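[1] Sequence first, predicted model second:
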Amino acid sequence: MRLVFMGTPDFALPSLKALTSSGHTLAAVVTQPDSPQGRGQHLFPPPVKMEAEAAGIKVLQPQKLSDPAFLDELGRLSPDLIVVVAFGRILRPEVLQLPRLGCMNVHASLLPKYRGAAPIAWAIIKGEKQTGVTTFKMDEGMDTGDIYLQETVEINPSDTAESLAIRLSEVGARLLLRTVEGIEAGTLTPTLQDHTQATPAPMLTKEQGEVDWRLPAHQIADLVRGLIPWPGAYTFYKDERWKILKVCVIQEDRSGLGGLGRPGQVVKVEKQGAQVSTGRGILALEELQPAGGRRMTFQEYLAGHPVEEGIILQ
């Protein structure tokens, strides 16, 4: 078939690579415009653009999907199917209706659960033990289209959103090829989603990273894992902002009586980590990044920064 691929970040790379070696024709890749990064705000291309150019594939980077010139060019490409993987924009009806076989999406959750921009992070934050990948036929809603295929993936206790995304991206690439083959052969019958079971996975904000120490220890641990690599969970020790990168639940008191101290109180300081009381249980902070500093173990931090027991983290 003649395909157009739409994607932007690293998550989309395995799917793009799978299609380039699949025997189908990739007429073009559509990705987001180059974005300013770093202190100098120099423009950097998205990962999908670099991969496509290395493979000699035509790249389109419209500022707006409503741009008539872009829509005309997309129409001239005459794709049989448009494949979307973590593109980062909602497709307009004119785009959805353009290919003869429609548009399909690779989404990193078991739809209808976790519809939205950040399904991997929210699955971890909400304490899920399983997630997965769904391929579906796109419509004008947010991840509401009929489902082609699904595959379940276990969430490991040590998983962060970053590590889980790597595994899901590889599963997504395999599921994508099976879906494209089924669409081409006419052997896939998409099924309706149960919209009553839908849960949201909205875009993350920096403010969501602030730790509420009144929560149970295991919920805070899930928040920390779910917000890696971005935006990161954080708290304040006195006037210093700590980005929290690794924690361990060392006491999970389910009596509802909390830990040894007030929520957020540093109850014990050891080289392995600062033990902090939560709304229920004790959490050890094992790795952190102080404002303007590098990532370090708590033992490394202690070498130059004494931490007082009894202080309340804010």
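    Received it, and whenever you're ready, just let me know what you need.
[2] Contact partners for the residue nearest to Pro46 when sequence neighbours are not counted?
    Among residues not flanking Pro46 along the chain, Thr8 sits closest, at 4.7 Å (Cβ to Cβ, 6 or more residues apart in numbering). Bear in mind the C-beta positions are built from the backbone N, C-alpha and C, glycine included. Residues near Thr8 by Cβ atoms under 8 Å, 6 or more residues apart in numbering: 31-32, 46-48, 86-88.
[3] Same check on Lys126?
    So Lys126 contacts Asp222 (Cβ under 8 Å, 6+ apart).
[4] cool, Pro216 as well?
    Per Cβ under 8 Å, 6+ apart, neighbours of Pro216: 252, 278-281.
[5] Burial check on Ser78, number of neighbours?
    12 (other Cβ atoms under 10 Å).
[6] hang on, Ala201 packs against Tyr114?
    Yes. With contacts counted by Cβ atoms under 8 Å, Ala201 reaches Tyr114, the gap being 3.9 Å.
[7] Now do the shared contacts for these two.
    Common contact partners of Ala201 and Tyr114 (Cβ under 8 Å, 6+ apart): 122-123.
[8] Of the contacts of Thr8, which is the most crowded?
    When neighbours are counted by other Cβ under 10 Å, Val48 leads those with 28 neighbours.
[9] where does it fall, helix, sheet strand or coil?
    Following DSSP: H, G, I helix; E, B strand; the rest coil, Val48 is assigned to helix.
[10] where do the helices sit along the stretch 101-250 of the chain?
    Per DSSP state H, counting those that start in this stretch, the stretch 101-250 of the chain carries helices over the ranges 119-125, 161-185, 217-226.
[11] about what we covered before: just the buried residues from the contacts of Pro216, in ChimeraX please.
    Burial among the contacts of Pro216 is assessed by 16 or more other Cβ atoms under 10 Å; the matching ChimeraX selection reads:
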select :278,279,280,281
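[12] Distance-wise, check the nearest residue in space to Asp139 that is not next to it in sequence relative to Gly38.
    Nearest non-adjacent residue to Asp139, counting by Cβ to Cβ, 6+ apart: Gly145, 4.4 Å away. Relative to Gly38, Gly145 is positioned 37 Å away (Cβ to Cβ, to the nearest Å).
[13] Looking at these two, which is more packed in?
    Neighbours per residue (other Cβ under 10 Å) separate Gly145 from Gly38, with Gly145 holding more: 24 against 7.
[14] ok so, going back, make JSON lines out of the contacts of Thr8 and add pLDDT and distance to Ala221.
    Putting the contacts of Thr8 into JSON lines (pLDDT from 0 to 100; distance: Cβ to Cβ, whole Å) gives the following:
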{"residue": "Thr31", "pLDDT": "98", "distance to Ala221": "35"}
{"residue": "Gln32", "pLDDT": "97", "distance to Ala221": "33"}
{"residue": "Pro46", "pLDDT": "96", "distance to Ala221": "32"}
{"residue": "Pro47", "pLDDT": "97", "distance to Ala221": "30"}
{"residue": "Val48", "pLDDT": "98", "distance to Ala221": "33"}
{"residue": "Ala86", "pLDDT": "98", "distance to Ala221": "26"}
{"residue": "Phe87", "pLDDT": "97", "distance to Ala221": "32"}
{"residue": "Gly88", "pLDDT": "94", "distance to Ala221": "29"}
